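Engineer: Okay, predicted coordinates and the sequence, questions at the end:
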Amino acid sequence: MTEQSKAPRGLDRGEHWTHRLFVEKPELYLPFLEEAADRAPAETEALHGLFEQERVPANGRVLDVACGLGRHALLLAQRGYDMVGVDISPLYVDKATDAASKTGARARFVVGDMLDIKNLMADESPFDAIISMFTSNGYYGRDGDLEQFGQLRRLAAPGAALVVLTAHLEWMARNIEGPGLDRAGEIRIVQDRQLNLETSTLESEWSFFEGRGESLRLRLKLGMEHRVYNLPEFRELLEEAGWAFVTSFGSERETDCRLQELTPESKTMWVVARAGD
């Protein structure tokens, strides 16, 4: 591994929660990605509008980082963009590749780690736009985000657009309290969580249960730490990584993809940046 792609100090990615969930037990999160596909058309419409504003070429090359099942990449490919998606999960990449072959979309999907993205995509760059959706940052703390966005900057063409959809710290500080429950298909996630405001980190324990009634059983328990940001913190991070901040937007609900003014009540945060010459 080169110095540029080195993981943050002390990080054992084989033991990290992302590897345990997305590589070892990816089927547990699969129903939640499948449900998220319902809002992909509206999110893709928003992305397309931002690409037009930032003058991304109509047939430009676009990199989708942590692409999951490729729900954005596949729809953007239908609009004419040349898409490459990267995800750490072999299962998700297989499903995205199968979907691309069935639809004839000009999209290619690759298994890879976000912290090795510069080496992985060296022969594919430069990209005219890069997207990171569904809060696919913060997994490895601020150091990991700085490494990731720095590597992405080196894959970007001059003037390339970066669009990030992520969680909003100010909303979390007002709304995250105690346990949570998410359901999709036969999977339930019981979340024991607290927001550490000293470190801007969401500290959680997720318990994955499968089945119903008497057949309900625990499949996996994970301790997780997830770095979250307010806008000034995220802007500082991107600028330190070599990006020029352009603008931001907010959405009051994850399912609301209208680009509105970012306020403390915005649950999610859209951030747009540009690669300098």
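Structural biologist: Ah, there it is.
Engineer: Using the three-state scheme, assign residue 69.
Structural biologist: Using DSSP: H, G, I helix; E, B strand; the rest coil, the three-state assignment for residue 69 comes out as coil.
Engineer: Could you report the pLDDT at it?
Structural biologist: What the model reports for residue 69 is a pLDDT of 98.
Engineer: What about it, how many residues nearby?
Structural biologist: For residue 69, the neighbour count with other C-beta atoms under 10 Å is 25. Backbone N, C-alpha and C define where each C-beta goes, glycine included.
Engineer: Also the one 5 residues further on?
Structural biologist: Residue 74 has 25 neighbours, counted by other C-beta under 10 Å.
Engineer: Which residues does the helix or strand hosting residue 46 contact?
Structural biologist: Under the criterion DSSP states H and E, the helix or strand holding residue 46 is helix 40-53. Contacts to helix 40-53, defined as C-beta atoms under 8 Å, 6 or more residues apart in numbering, come from residues 60, 62, 71-72, 75-76, 79, 81, 129, 131, 133, 161, 163, 165, 257-259, 270, 272.
Engineer: so where's this protein uncertain?
Structural biologist: Counting by pLDDT under 70, the chain has low-confidence residues at 1-14, 254-256, 277.
Engineer: domains in it, as residue ranges please.
Structural biologist: In the assignment given by automatic domain parsing, the structural domains of the chain cover 3-167+230-275, 172-225.
Engineer: Can you say which of those is packed in most?
Structural biologist: Of the domains of the chain, the one with the most neighbours on average (mean count of other C-beta atoms under 10 Å) is domain 3-167+230-275, at a mean of 19.
Engineer: From the chain's centroid, how far away is that one?
Structural biologist: Offset of domain 3-167+230-275 from its chain centre (C-alpha atoms, centre = their mean, to the nearest Å): 5 Å.
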